[in-house]
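J.: Could you look at this predicted model? Sequence included:
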Amino acid sequence: MARTPSAQSVRRAVVPRPVLFRALRAAIVIPGVFAIGTQLLGSATIGLFASIGSVSMLLFVDFGGSIRQRAQSQAGLVIAGLFFVALGTLCSRNIWLATSVTLIVAFAVLFSGVVSSVLAGAQPAVLISFLLPVTFPAPVDLIPDRMLGWLLAGIVSGVAILLIPPHRKPEPLRSLAAEACARLGEELSARGTGSATDAAEARDDQAASDAAVAALRNTFFAAPYRPSGLSRSARAVVQIAEQVIALHAGLDRRSEHDREGERATFEAIGVALQRSGGVLASDRSDLEALRPCRTELRRARENAERAVVDAIPDALAGASGQPRSAAMIAMLDELEPAFATQDAAQIADAIVEQVQSCAEARQRSWWHQLMDRSAASSARDRIGAHVDRRSVWLRNSIRGALGFAATVFVADLLGVEHAFWVVFGTLAVLRSNAANTGQSAIRAIAGTLLGLVIGIPLVLAIGGQVSVNWMLLPIAVAFTAIASSLSFTVGQASFTVTLLLLFGVVEPVGLQIGIVRIEDVALGCAVSVLVTLLLWPRGAAAGLNQALSNGFDTAAQFLSGATQFALLRGYSEAELTPPPDDDRAFAADSARRLDDAFRQFLSERGAKSIDLSELTSLVVAIASVRRLATAICDLWERDDEGAGDPQTAARSEILLSQAVVVGWYRHAAAALAQNAPAPDPPAGSGVTASRLLDAFRRDLGVPDADQALTAFKLAWTNHHIRVAAVIARDIAPAVSAAVEMGVARNAWLFPVRRRSRLRAAVA
C-alpha cells in the first residue's frame, strides 16, 4: 500500500530545517533587542539600530563553517559595522559629503567581495550598517547610542547563532570534494587492482564517481561568487574541487588498454584519493596517512615513465625495418593512454598536496591563521585580476556604488523623511542587468502593496494597544524569515508588515507609515532601474562572451608560450627560451574574471539562450588548456636533461601542430568577441605516431639514454597538443552556440538589416 507523506516530511520539503531555525532566532532576537533598546534603555535610536542590525545579521547573512569560524566571521561583521555606523553618522548632515562617501564606501564593500565568499556574503549587512546612519541625519552626540544599538544587535545575534544553530552547518564544498575523492579513488583503485569482478560492477563504480563529481561541480558553480574564504584551508578546498573536476574530465576509462605500469599507477592514484577524501572529510586529520600514499604515487609514476624511456632506444634501433617500424608506431600509439595516466597521476599528486595544506591549516591556531601572509597575497592576486574594464565584478561594483550614491542624493534632495527605506528599496532590487532589476522592482512594489493591504487593516484594528503590537511582532518576524527564503514578493510583503508593527510600537500611525513606505520603495526602485539602464544594461550576459574570448585568447597564448619554452630549448646555450610566466599570469587573471562572469550569468533570473552544459564545457575547456600548458612547463622545468639536444625534426613537427591548434583557439576567441562566424574544428589532432617516428629517426638514429628521455618528453608534449586539439573539436558546437547567444543578445541594438546579416553570418 502506498505510503502517504507525513506532515513532518511535507513541512521539511516546503520549509527546510535551517530556515525554521533562522526564523526562530529572528523571532526571539529582533523583538528582544528592540524591547531592550526602547523599553529597558529608553532610547528609540538604540532600539531602531538594534532591530535593523539584527535583521541584517540574522536574515541577510548566513556564515558557514564551524562554530569557531562563524563566531570569527560574526565578530568581524560587528566590528566593521561599528566603524561604518560612526562614519555614516559623521557624514549624514551634509548632502554632498554623504553622497561622496556613500559612493566610496559602497564601491569598496561591493568590490571587496571578489576577495572572498565570506566578504561577498556579508555585503548586505555591511552596507546596511553604513546606509542606515547616513540616511538618518543626526548630530555627532548620537553616535554612541547608534553604535550601542549595533553592538547590542551583534552580541545578541551572535549568541543566538551559536546557541540555536540549524545543526552544525558544514562546509558543503569540502564535504562534496571529500566524497568525490573517495568515489574516484574507489573506481581507480579497482581498475588498478582488477578487483571489479565484472563489467556491471565497474559501471557501478563509474556511476558513483560520476554522480559525486557532478554534485561537486553543481555546488561549485551554483554560488554567485567563487566559494572561497580568506583562510588557507578555504582556498585549498577550492583548488581541490577544481582539480577533482579536471581529473574526472580528463580521465580515460578505456581500461582494456591498461598495461602493468598503468595499472600500478591507477592503484596508487586510487589509494591516494581515498585517503585524501578521508582526511578532507575528517575534522581530526591524520596527515601521516597521506605521506606514504604520496610517496607510493610518485614511485609508480617514475617506474611507469622509466619503463617507457628505456623502451625507446631498442624500438628506434630496429626502426629501419618495416616490421620494427610498425612495432614502434604501435608503441607510440600505446603511449597515449600511458601519458593520460601520467596526467591523472600529476593531478592526483596536486590534490594530495592541497589536502595536506588544507589539513595543516585547519590544525593551526586562529592567531596563526589570521597572520597567514598567503591570504594577503591571494587577495592581491584576485583584486589585481579584476581591476580591468572587462571585469563583470568591477562593473557591478561601480553600478551598485553609483546606485546607492544616487539614491542617497535624491532622497536627501527631495527631503524624504524615511530616506533609509528608499536606499533599502535600492538594495533589495538592484541586479546585474536592467531586465532583472526591472522585474525585481515590480515584484518589490507588488510585495510592498500586498504588505500594506494586509498590514494597514491589522494596525488600524490594533489601534493604540501597544501590547498587541508586541505580541504580533515575533510572529511577523518569524514569517518574514520563512517567506524571504521562499518568495521575494512574499518576503517584501511580510517585511512591510513587520515594519508597520515596529513603528506601531514607537509611533502608532500605521496608515501614514504605510503610505510613506510604498513611496520610498517606489523611489528606490526607480533609481535602481535608471542606474542599471544607464550602466551596462545587459549585465553579466553582455560580458560573458567577452570573458570567454579573453579566456580562450590568454589560454592559447599560454599554451603557445609553454610549447615554445619546451621545444626551443637547447638551440643556444646563451639564450634559453624563458618560462612563459607572464602568459601564465595573464591566463590566470582571465580565468578569475571568467569564473565570476559565469557565476553572475548563472545567478541572473530568466531563460538562458544557450544550453548551460555547453556553456560549462567552454569554461572547463579554458581551464583544461591552461592545465595542459602548465603541464608542459612542469615537464621541461624539472631538469635540464636533453636541453642541449635539439632533435630539430621532431620539434618542428610539434611546433607546426601546436600553431594550428593555438590558431583555432585564437579564431574562436575572435568569433566570441566580435559575434563573427565560429571557426571550423581543427582538422588534425597533433603529430601522428608515424610522423613523430620519422622525425625521431631523422634526428637520432639509435639514441642514448639522455636522448631517449628527450624523445619521451617530446612525445608527451605532443600528447598535450593532441589533447588540446581534441578539446577544440569537442567544444566547436558550443562556441557556435555562444556566438549565437551574443548575436541574439545584441540584436536589439542594430537595425533589422544588420540583425539579419548577423544571423546569416552565424548560420
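T.: Cool, got the structure.
J.: How about the contacts made by residue 272?
T.: Shown in contact with residue 272 (CB atoms under 8 Å, 6 or more residues apart in numbering): 185, 290, 293-294, 296-297, 348-349, 351-352. C-beta: built from backbone N, CA, C; applies to glycine.
J.: The same query, at a cut-off of 7 Å, please.
T.: By CB atoms under 7 Å, 6 or more residues apart in numbering, the residues touching residue 272 are 293-294, 297, 348, 352.
J.: Look up which helix or strand it falls in, please.
T.: Element membership for residue 272 (DSSP states H and E) is helix 260-281.
J.: Let me have the contacts of residue 272 in a markdown table, adding secondary structure, pLDDT and distance to residue 249 as columns.
T.: Output for these, formatted as a markdown table (DSSP: H, G, I helix; E, B strand; the rest coil; pLDDT from 0 to 100; distance: CB to CB, whole Å):
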| residue | secondary structure | pLDDT | distance to residue 249 |
| --- | --- | --- | --- |
| 293 | helix | 81 | 23 |
| 294 | helix | 80 | 23 |
| 297 | helix | 82 | 20 |
| 348 | helix | 88 | 14 |
| 352 | helix | 87 | 19 |
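J.: Looking at those residues, state which has the most neighbours.
T.: Within those, most neighbours by other CB atoms under 10 Å means residue 348, with 30 neighbours.
J.: which residues does that residue contact?
T.: So residue 348 contacts 247, 269, 272-273, 297 (CB under 7 Å, 6+ apart).
J.: Kindly provide the distance from it to residue 339.
T.: Distance, residue 348 to residue 339, using CB to CB, to the nearest Å: 15 Å.
J.: quick revisit: can you tell me which of the contacts of residue 348 lies nearest to residue 679?
T.: The closest of those to residue 679 turns out to be residue 247 (CB to CB; 28.9 Å).
J.: Which element, helix or strand, includes that closest one?
T.: For residue 247, the enclosing helix or strand under DSSP H and E is helix 232-249.
J.: name the helices or strands packed onto that helix?
T.: Helix 232-249 sits against helix 172-193, helix 199-222, helix 322-363, helix 373-386, helix 612-637, with contacts defined as 3 or more CB pairs under 7 Å, 6 or more residues apart in numbering; DSSP states H and E.
J.: Now whichever helix or strand comes after the fourth one - C-alpha only, PDB.
T.: If you walk from helix 373-386 toward the C-terminus, the next helix or strand you reach (DSSP H and E) is helix 392-413. In PDB, the C-alpha atoms belonging to helix 392-413 read as follows (Å, rounded to 0.1, in the frame of the first residue of the first chain):
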ATOM      1  CA  VAL A 392      31.900  41.900 -14.600                       C
ATOM      2  CA  TRP A 393      32.500  42.200 -10.900                       C
ATOM      3  CA  LEU A 394      34.100  45.700 -11.300                       C
ATOM      4  CA  ARG A 395      31.200  46.800 -13.400                       C
ATOM      5  CA  ASN A 396      28.600  45.600 -10.900                       C
ATOM      6  CA  SER A 397      30.500  47.300  -8.100                       C
ATOM      7  CA  ILE A 398      30.600  50.600 -10.000                       C
ATOM      8  CA  ARG A 399      26.900  50.200 -10.900                       C
ATOM      9  CA  GLY A 400      25.900  49.500  -7.300                       C
ATOM     10  CA  ALA A 401      28.000  52.300  -5.800                       C
ATOM     11  CA  LEU A 402      26.500  54.800  -8.200                       C
ATOM     12  CA  GLY A 403      23.000  53.400  -7.500                       C
ATOM     13  CA  PHE A 404      23.400  53.800  -3.700                       C
ATOM     14  CA  ALA A 405      25.000  57.200  -4.000                       C
ATOM     15  CA  ALA A 406      22.300  58.500  -6.400                       C
ATOM     16  CA  THR A 407      19.600  57.100  -4.000                       C
ATOM     17  CA  VAL A 408      21.100  58.900  -1.000                       C
ATOM     18  CA  PHE A 409      21.400  62.100  -3.000                       C
ATOM     19  CA  VAL A 410      17.900  62.000  -4.400                       C
ATOM     20  CA  ALA A 411      16.300  61.100  -1.100                       C
ATOM     21  CA  ASP A 412      18.100  63.900   0.700                       C
ATOM     22  CA  LEU A 413      17.400  66.400  -2.100                       C
END
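J.: ok, and for helix 392-413, which residues are buried?
T.: Across helix 392-413, burial judged by 16 or more other CB atoms under 10 Å covers 392-412.
J.: Give me the buried stretch members for the one helix or strand residue 661 maps to, please.
T.: Residue 661 is part of helix 648-674 when elements are defined by DSSP H and E. Neighbour-count burial for helix 648-674, counted by 16+ other CB under 10 Å, picks out 649-651, 653-655, 657-658, 660-662, 664-669, 671-673.
J.: now do stretch 131-148
T.: In terms of neighbour count (16+ other CB under 10 Å), stretch 131-148 has its buried residues at 131-138, 142-143, 145-148.
J.: repeat for stretch 725-732
T.: By 16+ other CB under 10 Å, the buried positions in stretch 725-732 come out as 725-728, 731-732.
J.: what does stretch 614-622 give?
T.: 614-622.
J.: what's in contact with that stretch?
T.: By CB under 7 Å, 6+ apart, stretch 614-622 touches 221, 249, 548, 551-552, 555, 591, 594, 598, 727, 731, 734-735, 737-738.
J.: contacts for the one helix or strand residue 26 maps to?
T.: Assignment of secondary structure by DSSP H and E places residue 26 within helix 17-35. Residues outside helix 17-35 that contact it (CB under 7 Å, 6+ apart): 47, 50-51, 54-55, 58-59, 152-153, 156-157, 160-161, 164-166, 473-474, 477-478, 481-482, 485, 502.
J.: Write the ChimeraX selection for whichever of the residues you listed are buried.
T.: Filtering the contacts of helix 17-35 down to the buried ones (16+ other CB under 10 Å) takes a single ChimeraX command:
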select :47,50,51,54,55,58,59,152,153,156,157,160,161,166,473,474,477,478,481,482,485,502
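J.: Return the subset of the contacts of helix 17-35 lying in helices.
T.: Using DSSP state H, the subset of those located in helices is 47, 50-51, 54-55, 58-59, 152-153, 156-157, 160-161, 473-474, 477-478, 481-482, 485, 502.
J.: nearest to residue 358, of the buried residues of stretch 725-732?
T.: Distances from residue 358 to the buried residues of stretch 725-732, taken by CB to CB, are shortest for residue 727, at 29.0 Å.
J.: Skipping adjacent residues, who's closest to the closest one in space?
T.: residue 621 (5.2 Å; CB to CB, 6 or more residues apart in numbering).
J.: hmm, back to that, which one, of the helices and strands packed on helix 232-249, ends up nearest to residue 100?
T.: Comparing the helices and strands packed on helix 232-249 against residue 100 with CB to CB, the closest turns out to be helix 373-386 (22.4 Å).
J.: give the contact list for the residue lying closest to residue 152 once chain neighbours are set aside.
T.: Nearest non-adjacent residue to residue 152, counting by CB to CB, 6+ apart: residue 50, 4.5 Å away. For residue 50, the contacting residues are 33-34, 36-37, 149, 152-153, by CB under 7 Å, 6+ apart.
J.: rerun at 8 Å
T.: Counting by CB under 8 Å, 6+ apart, residue 50 touches 33-34, 36-37, 149-150, 152-153, 156.
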